[in-house]
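# only geometry, no sequence info:
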């Protein structure tokens, strides 16, 4: 599905058919935004024709799961970006790809699903009509800003999850392992897209692409700072989970040690009782205690004394 | 075995004998591709003469298992590449070396086995005759594209294997260790060739070798992007397997702890029963219980109560 | 709350209202320091107007928990810094953000809580009136010096804590784990702000911002050296705690091994006694020892000898 | 012991005394190779005089175990190299130092023991007299080529050893630890010399030392490639042994777990038998089973049934 | 305590009072070395006046435990260095700070304790009077050479300690842990000063400070090489101790496993004997064996056979 928005001097025009765009975009005062959600092969081909896209660009728009990158073509810049999906119910949204093609007075955004909140962006342009007159570079900024900001709720969710896990680590729960494992996997997935995206932003900022005014460049620098923060946060969380994993292993190790120690100590106590019972169960003809009036009480008392004595001994050694 | 293909103005000529190539290649409108599969020493020597190759180049073509590299000579570029072997039945194909020598209007490809799908490439040239007129640089691109793309099925197989292992990790199966070990070995093997190949591509792109048009260079950039993706995927998989290995060790650790705990708890229960039996097995003359009518039942009952009591106690402590 | 200090030729003027600052700052001989503690939205807006701040600067002053960075604007430099909070009772103070805007003849400092000891700084300026005439760059130095120096007591506290933990590690206390875990978390928090701050200082020193005299630059170099030392100290402490954690795991491992060994050895001794008692508890009609005069003493003696013998044997094997 | 070889126009002259070399080397058509095996202090001094060596060079030739490096002096280049000793019987030969001083028309090689196969090199020069006329730079190449190639048999031996260890890892043999430990130590030793040697080669290639023709430089590039391969191979082997060590620890961990489990299970079975025997060993007057005709058989049967039952139970739980 | 040495044309003058130095140093043919051991605040102030030192330099000379660094001032260079203390009885000497200020014709060295062997250096200058005429740069070299060389005995001591530990690792001694822990701490301390010192040397060599002749620079390069060797040696030792620590943990792990296994096996043997004794201790009226003539011997024989049988079984399984 393709949604075309055309602005002239800060005003939104009535919808223009895709097929007219090659003509409309000749007008330098016009700003075009084509937002394509899961476009068909045919729709892609039309966009390719209207904006004279290079075959490699179309190939890129068609292929899912590419690495974030920036590539400069004669009249436009191709950018493969990622954002965190906005899925309210899901704890750790998956990264979603968004491909952007940004020319002097147009922006194409191609994606699957709803990673871009297009309505909110359109609203933002509507409320600041003067910005729309800054051209395709500024539109690129607005969309990138929206994409990068979507990482922060995802990071916050990860951060909270990390803190929860840290707390339960010191109870040595076994399922913490599995949670930590899944969380680390998620973080690898975020770092995998955020790192190259940050590098792509550097290219966008450094190379003179003729797309950005100094003012726009300053705003892009701001997005770059956000991306650095995303990457560093993920790395911090990775450090913390590695730390938590170490701690958890140590806690489990300690617990095993303690349980083994206390079971061993109890076993020793019971074994001594068994020996006493065994001694008075021997069948020697001459065993004075057997004939005693309170021999049985003596034996039970002996057991009680040894048992309690050992128990106190182990207690003092902190084995119980 | 040497297979010579000669194109002029996009048309394939009838096969030309190797010995005529030094003459044929004087024609600037001609494009020559010599594909040598496990060439004999003699065949190599002939190629060396026909294309005036430097002794170090012949040495390279002769030696197996070199590092990927690009080296510039006066009239041509030598490139040592690797690809993943196309062996349908094998789960993790070995990397295979392919040596390429690319001149203004010729390409030599030397390899052992069938790492290059030469027929498919020839077909691709046949269907786009206009490309063949771009010269040796474009032919190099076509072959490199084929070589690098062959890594992706291998990576997908590794990825699936990693996911399978992740699932079986949390059952703590012991053989997971061995699988993970072999997988990591495979990944070291792939990274060992993909990393230097990526670096060699940078050299090919950066240095002005006079072989590539701007258009061809853009396509080579595309191959470079693919190689970066190969390297990053391997690194991601390495992270994931390291993660899985940690998790597996933790799971096994937990299992050992749990089994030790529950065996210890059962041992404690049985030991208490043994003590009770031992007490009533003592031979004191005066043990009131021994004479009771239901003394035996009392003893058995005492055992039952202590056993069940302890069992409940351990159950509540989560040791069972 | 906003506190305005204005100096002319080294003398402090009577307090100037914020709303007059746009006028006062036209006088090149004046030096203005505006220290804003948890400013309201309105106060920020006033500062923005008086000093003609860019919307992105106001956005930065408003947002908490940003990464340390330096950004150059036309007439001033924006710096996001961190310091260690001065909280006497707390063992490991949290990093606190301070945003600085430094122009040719003014400095704005914006923060929450009391990370800046403003009175001490004001005193320092009062006692060296000649320095105040160096302009905004020197004022920036004075404040940065104060902020960075606040890291050292925090580092010393961490260092002492690390040494305490190192000592208790070799007693294998289980709670060492939790302490080490929390300490590592603290250190990640400090490194997270100190590292980027050091990088921001490099930018401040390298780029010709027109704010600093050669003399001031030398003093800033000194602050940079301090920041490098902060970062390296944290890294050293991280190495030491990682080292301590390894040692602690090894110590616990050893303790478990020793306890298991000694419990196992005692179990073996008691089990042998049980067997002896069991043998003389058998009901065979013909067991010569049972009829012996001192059979009972013989059995007890046998137990004593085996027990002591095994005990000596295990002692020599260092299992006890 | 010093061996002097002098070549003129590709022909080897009769041996020239060391003391005449300062004169002989004035002839630009001459090529001198002085190979000093464990030279005495006096011999070094003579070489120093004849070739006008700087005191720091003599200091370097005298001191053993230096780091690989290249240092340029006015008329010559000093190079500290390492090679793998050729000791047929030893599995992992030690790195051996060779110091080279290479001038326009001479090469000095100083070493202890026989790390250079001087005869083979002399033979190689004899068979290619035209090369000898290339001057000292080419002679340096020939010797370096020989030194670097000597690493490969050593690497192959390490590689085979690693593969052997990998196989025995999954049997969990304890001595694998010690072998892996020694192997890692060897690899640190090789990497310690190969890494800096590679860096020294870069210096040799980059700096214009006036010693090498373009052709010779190409050959030196080849040596550099070999050194990169040496370093990468060692790093790969280090990865593999780290991998193997992890696997071995996991295997041992598993084995301990399995043995503990199966011993625990057997202990449980035997403990149940002990309880049954203990019950029928109690001395109650009224125990119906004791009077049964087949009471004894019943008890034995009960033991057999519980024992086998438990055994099957544990077998199904995979604890046995 | 301050010791002043003044040389003119290679001759040592009679001692000059500190207060005259500002005058003496005007003579360009003079070379001054001021060695200050734990100087008082007053002595520092005098030095500051005589040599016109910047306040930041005095601050540096006053503050202990700074990072190694080089800082250039108008007329001199400030260098913060470290050396290993020469304390014969101590196994691992602590790093000690030495601050150097080197001008065109003077050198100030400030330190606490005796890290500089000033007499030996003075002797060296006395025996080579021609060198003293090279100026302050050469004097700096002589002192640096002495400081850096002092690291090598410390490194050798560490190296021997590492080798001792490696040997005792495979006996699995528990105290090895603590030794390794302390050793690693020492190495962190050495690396912490040697690394930044190496970097400071690079600055000294790269920047044109106008202090060093080409000849002196070559000698400084030699010191740099030594520092690189110090850093690499420490890193190698760190690798080796990490390696040794891994090995030790594995050895202990193995030992625990073996002890657990053999104790478990003995427990199984004794448990079987207990069951046999328990069976013949049952009180059934009809137990044929009880009436046998050699029933007792039969029972003991049965025990012996089962015990020895199990022992052989476990022996064959390598559990004993």
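That came through, no problem. From a predicted model like this one, the values you see are computed outputs, not experimental measurements.
# list the buried ones in stretch A:300-314?
For stretch A:300-314, the buried set under the neighbour-count rule, 16 or more other CB atoms under 10 Å in any protein chain shown, comprises A:300, A:302-303, A:307, A:310, A:314. C-beta coordinates here come from the backbone N, C-alpha and C atoms, glycine included.
# Likewise for stretch A:21-29?
In terms of neighbour count (16+ other CB under 10 Å), stretch A:21-29 has its buried residues at A:21, A:24-25.
# confidence score at the spatially closest residue to residue A:211 that is not a sequence neighbour?
In space, residue A:211 comes closest to residue A:137 once its chain neighbours are excluded; the distance is 4.1 Å by CB to CB, 6 or more residues apart in numbering or on different chains. Listed pLDDT for residue A:137 reads 82.
# before we move on, what SS does residue A:137 have?
Per DSSP: H, G, I helix; E, B strand; the rest coil, the secondary structure class of residue A:137 is helix.
# In a helix, residue A:114, correct?
No. Residue A:114 sits outside any helix when classified using three-state DSSP, being coil.
# hang on, isn't it packed against residue A:37?
Yes. Taking contacts as CB atoms under 8 Å, residue A:114 lies within contact range of residue A:37: 7.3 Å.
# which of these two has more neighbours?
residue A:37 (17 against 13; other CB atoms under 10 Å in any protein chain shown).
# Scan chain A for its longest helix.
For chain A, the helix reaching the highest residue count under DSSP state H is reported as helix A:214-279.
# Taking helix E:214-279 as reference, get the angle to it.
30 degrees (axes from the mean of the first three to the mean of the last three CA atoms, to 10 degrees).
# Helix A:214-279 and chain E, are they touching?
No. Helix A:214-279 lies out of reach of chain E by CB under 8 Å from any CB of the partner chain, never closer than 8.9 Å.
# Might you calculate how far that helix sits from the centre of the chain?
In this view, helix A:214-279 has its centroid 19 Å away from the chain centroid, taken as CA atoms, centre = their mean, to the nearest Å.
# From the contact counts, what lies against the helix or strand just after that helix?
Using DSSP states H and E, the helix or strand that follows helix A:214-279 in sequence is helix A:288-291. When contacts are defined as 3 or more CB pairs under 8 Å, 6 or more residues apart in numbering or on different chains; DSSP states H and E, helix A:288-291 sits against helix A:295-316.
# What helices and strands are in contact with the helix it packs on?
Here helix A:295-316 touches helix A:214-279, helix A:288-291, helix B:214-279, going by 3+ CB pairs under 8 Å, 6+ apart.
# Now with 10 Å, please.
Contacts defined by 3 or more CB pairs under 10 Å, 6 or more residues apart in numbering or on different chains; DSSP states H and E place helix A:295-316 against helix A:214-279, helix A:288-291, helix B:214-279, helix B:288-291.
# Residue A:33 is in what secondary structure piece?
With DSSP H and E as the criterion, the answer for residue A:33 is strand A:30-37.
# List the buried residues of that strand.
If you call a residue buried by 16+ other CB under 10 Å, then strand A:30-37 has these buried ones: A:30-37.
# Need the residues you listed in TSV (columns: pLDDT and distance to chain D).
Shown next, in TSV, are those (pLDDT from 0 to 100; distance: CB to the nearest CB, whole Å):
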residue	pLDDT	distance to chain D
A:30	86	54
A:31	87	51
A:32	90	51
A:33	90	49
A:34	91	48
A:35	91	46
A:36	91	44
A:37	90	44
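# Regarding residue A:197, what is its secondary structure?
Strictly by three-state DSSP, residue A:197 counts as helix.
# right, and it touches residue A:151 too?
Yes. Using CB atoms under 10 Å, residue A:197 makes contact with residue A:151 at a distance of 9.4 Å.
# Contact residues of chain A facing chain D?
Residues of chain A lying close to chain D by CB under 10 Å from any CB of the partner chain are A:274, A:277-278, A:281.
# which of these come close to chain B?
Near chain B, judged by CB under 10 Å from any CB, the entries from the residues of chain A next to chain D are A:274, A:277-278, A:281.
# for these, which one is nearest chain E?
Nearest to chain E out of these is residue A:281 (CB to the nearest CB; 6.9 Å).
# which non-adjacent residue is nearest residue A:2?
Counting by CB to CB, 6+ apart, residue A:2 lies nearest to residue A:36, which is 4.8 Å off, once chain neighbours are set aside.
# what about the residue of the stretch 201-320 of chain A found nearest chain C, neighbour count?
Ranked by CB to the nearest CB, the top residue of the stretch 201-320 of chain A for proximity to chain C is residue A:278, at 3.0 Å. Residues lying near residue A:278 (other CB under 10 Å) number 30.
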